[in-house]
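**Student:** Give me a model of this one.
(2 chains)
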There are 2 protein chains.
Amino acid sequence: MSDAAHTEMWEKLNLDISAHEGLLEVLGKFYGDIYLSQENRLNGMEYLDFVLSEVHGLRIKEIQDAKATGKKVIGTFCVFVPEELTLAANAIHVGLCSGADAGTDEAEKLVPRNTCALIKSFIGFKLARICPFTESCDLVVGETTCDGKKKAYEAFGKLVPMHVMEVPQTKTTDAKQLFKAEVLRYKEALEELTGVKITVENLRKSISVVNEKRKALQRLSRLRAADPAPISGRDALLINQVSFYDDPERFTQSINTLCDQIEERIAQGGGVVPAGTKRLLLSGCPMAVPNWKLPYVMESSNAVIVGEESCIGSRNVRDLVDDSADTIEGMLDALVDRYMKIDCACFTPNDERMVNVQNMVKDLNADGVVHYALSFCQPYAHEAIKLQDVLSQKGIPMLSVETGYSMEDVEQLKTRVEAFVEMLD
Amino acid sequence: MSDAAHTEMWEKLNLDISAHEGLLEVLGKFYGDIYLSQENRLNGMEYLDFVLSEVHGLRIKEIQDAKATGKKVIGTFCVFVPEELTLAANAIHVGLCSGADAGTDEAEKLVPRNTCALIKSFIGFKLARICPFTESCDLVVGETTCDGKKKAYEAFGKLVPMHVMEVPQTKTTDAKQLFKAEVLRYKEALEELTGVKITVENLRKSISVVNEKRKALQRLSRLRAADPAPISGRDALLINQVSFYDDPERFTQSINTLCDQIEERIAQGGGVVPAGTKRLLLSGCPMAVPNWKLPYVMESSNAVIVGEESCIGSRNVRDLVDDSADTIEGMLDALVDRYMKIDCACFTPNDERMVNVQNMVKDLNADGVVHYALSFCQPYAHEAIKLQDVLSQKGIPMLSVETGYSMEDVEQLKTRVEAFVEMLD
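**Tutor:** This next block holds a predicted model:
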């Protein structure tokens, strides 16, 4: 696809062409520094490099071509929106831009300054007209997972067609019932938007597609238990990030191919870092593209990341949907069961997350945990304190980091992470 | 009650006697400066002065005496916990200390520093052992109205016996159903704790008691429409604050007596300030005792406060419970209906609050609105932006203030409020 064709497409989407070019330039440079500079990368990562280089190009072209045939596009920010329903309604399910400071001054007119960078970012990307995914959406689906997003969607809903799902705050039977009603309401909204009725057949197929995607990511996760680590945490994060943008079946196939290569590498005793390199679990808030700051800092500090306990990571991948039901009702119940297992800090008390983190540390042979909370993210800031308490009782070292998207604190972060890694036995 | 008897009681409650004495001293001085220095106060306020002076003394003695006869004490922080159920179970319903900086350093070990002052305060009061209400509680009932409280209750629950009610985030039929389940769960917890079965008879009585309390406060609110304002905003806030501590029937009677005096004063054309004094509506976050900073600043700036659009104010008072049902089921439905009318910023989109604020401005002949958000309170900070937008379209001036409990910003607040008042026509 030529540069001119790209530009023409972006113009049709009403992007701010010059601001968008500036964004791509910064992104390209950042990606080169953080990703392409890595040594011992697997061939299979070339696919990811390509997808990312064309994430605003060929992928948007695909989406526009699909829209031309009548397909609808659903944008989301959260793993609580059931992709299975979106796909069953023959629609495209994508994550929206939210991993970099953009349009911040304008965003701060709509939401308080004390709002986390992720929220300001998705509003800023919209106001600055530089996210072709947002501009391609027929519907944006939000959720009530934190005060910041819940209230920001009120402002965002004036800028895009918006549907908000209520995610409950506990996991009682009645709370699950509320979520089921919200899943049904989303199903109806999809059917109305797409004109496609969700049936046992198309839902069974989409449950299988999404389960297969999650299985491939689970396989990748398991392989990272090896020492030496066969793949960098940055690359693994990128894979998890791309899982929100790419065509799911193509993505699954690519990740399974990559996993084949990883298995070969492990069999040969190879790795991306020397055996014995300190192994860290990254835990906490989601990291959207191109929020690679902390992983880069960690992997430049004589350590390797072996798992992401995050929404863009294990929280999105750990649980599959039971595919044994053969009625719509049964399948929706299976979806509700699966989504209500998510151990998001939006729940109280969310003790299962404390257990899940410890299990990941054990399964992935991690030496310590770096907890990442976006500044002003109250749910994860609270759980950082709770997790530190739980882990210290088990003798698992944890470093608690709060940061946003600005590069101003990179040196300070590096000093703290290096000191933490040195302290690990 | 002698000083020695007070001290003996506080010792039995395991208060930190010396820290508690320090608190009472500061409070007494603060109350003198802000309350007793006012001119033209009504005689009826002497009752409130007395209640406040004995809020940690005689009121605690009453509560302890009641406990000795087997009564239970329920502590709350929020207007979503139905007082009607507590009273029906023959228990005492009180608000807990949360309006002053106390034990902050210790509290910040349990919750993030970026937590609002109200939350840090209730944890700090507990850790510093200076709230005799908290120490008298048989059960503390929390709710999921914001991320900060929801997650703080996880830590607080390790310090006190805790029951958390889920308050939904929307007002759909299914969300109301969830709240009804939570009301039932609270009813069962009360019955188990007190051994008292909640019946049509005792619930009818308690609905009446609480409705009468709200009616007295509504009456007070309506009288404040007069110009000159018959009562200061500080005194009205104090009345609303005391409504969370005092015996409800005694309180109702005292407020009705006070309202009789206010009616006389209005009939005589009298007021607490000269006619024509600029009239302000205070809107936003709740102000617990002794959080009188902003009201004092406002009323020292050539203005008078004519209404509190707040949980300690109109949000707690505006709606009555329909008392026409004659089955438990019907009465619980009436409770749910009433509580789900509350226009808290925890709901999305909460457009009814925008309408309610405008109605208060009109009904109380306010010249402008001062919006108060506790620093780091995300729900009200978001709604401040939304409300400013709505009010400016209607030509209603609004000043948006974010502050905590510290006195450091008093001069800065005064400068801003004075400039705002001068600007009103």
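**Student:** Would you list the phi and psi of A:K71?
**Tutor:** Backbone torsions for A:K71, taken as degrees, to the nearest 10, come to phi -70, psi 150.
**Student:** Isn't it up against A:V94?
**Tutor:** No. With contact defined as C-beta atoms under 8 Å, A:K71 and A:V94 do not form a contacting pair (11.8 Å). In this view, the C-beta of every residue, glycine as well, is placed from N, C-alpha and C.
**Student:** and the stretch 51-200 of chain A, which residues reach chain B?
**Tutor:** A:109-112, A:114-115, A:144, A:146-148, A:150-155, A:157, A:164, A:166, A:168-170, A:172, A:174-175, A:177-178, A:181-182 (C-beta under 8 Å from any C-beta of the partner chain).
**Student:** What parts of the stretch 201-350 of chain A come near chain B?
**Tutor:** So far as C-beta under 8 Å from any C-beta goes, the stretch 201-350 of chain A lies against chain B at A:A345, A:C346, A:T348, A:P349.
**Student:** Can you tell me which of these is closest to A:R59?
**Tutor:** In terms of C-beta to C-beta, no member of those lies closer to A:R59 than A:C346, at 29.5 Å.
**Student:** Give me the nearest residue to the closest one, chain neighbours excluded.
**Tutor:** With C-beta to C-beta, 6 or more residues apart in numbering or on different chains as the criterion, A:C346 has its nearest non-adjacent residue at 4.3 Å, and that residue is A:T145.
**Student:** residues of the lengthiest helix in chain A that come out buried?
**Tutor:** Identified as the longest helix of chain A according to DSSP state H is helix A:200-223. By neighbour count with 16 or more other C-beta atoms under 10 Å in any protein chain shown, helix A:200-223 contains the buried residues A:202-204, A:206-207, A:209-214, A:216-221, A:223.
**Student:** Counting neighbours, which of the residues of the stretch 51-200 of chain A next to chain B end up buried?
**Tutor:** A:110-112, A:114-115, A:144, A:146-148, A:150-155, A:157, A:164, A:166, A:168-170, A:174-175, A:177-178, A:181-182.
**Student:** what about the closest residue in space to A:G103 that isn't next to it in sequence, neighbour count?
**Tutor:** With C-beta to C-beta, 6+ apart as the criterion, A:G103 has its nearest non-adjacent residue at 2.9 Å, and that residue is A:G124. If you count neighbours by other C-beta atoms under 10 Å in any protein chain shown, A:G124 ends up with 25.
**Student:** does A:G124 really touch A:V111, like I thought?
**Tutor:** No. Taking contacts as C-beta under 8 Å, A:G124 lies outside contact range of A:V111: 9.7 Å.
**Student:** out of the residues of the stretch 201-350 of chain A next to chain B, which are inside strands?
**Tutor:** Taking DSSP state E, every one of these sits outside strands.
**Student:** give me phi/psi at the residue nearest to the spatial centre of chain A?
**Tutor:** What sits nearest the mean C-alpha location of chain A, by C-alpha atoms, centre = their mean, is A:I312, with 2.9 Å. Note on A:I312: backbone dihedrals following degrees, to the nearest 10 are phi -100, psi 80.
**Student:** Quick one, grab the pLDDT at it.
**Tutor:** We have a pLDDT of 98 for A:I312.
**Student:** For it, which residues are in contact?
**Tutor:** Applying C-beta atoms under 8 Å, 6 or more residues apart in numbering or on different chains to A:I312 gives the contacts A:L237, A:N240, A:Q241, A:F244, A:P286, A:M287, A:A288.
**Student:** thinking again about what came up before, between A:K71 and A:V94, which one's more packed in?
**Tutor:** A:V94 (22 against 17).
**Student:** what's the nearest residue to the more buried one if we skip its chain neighbours?
**Tutor:** A:F133 (5.2 Å).
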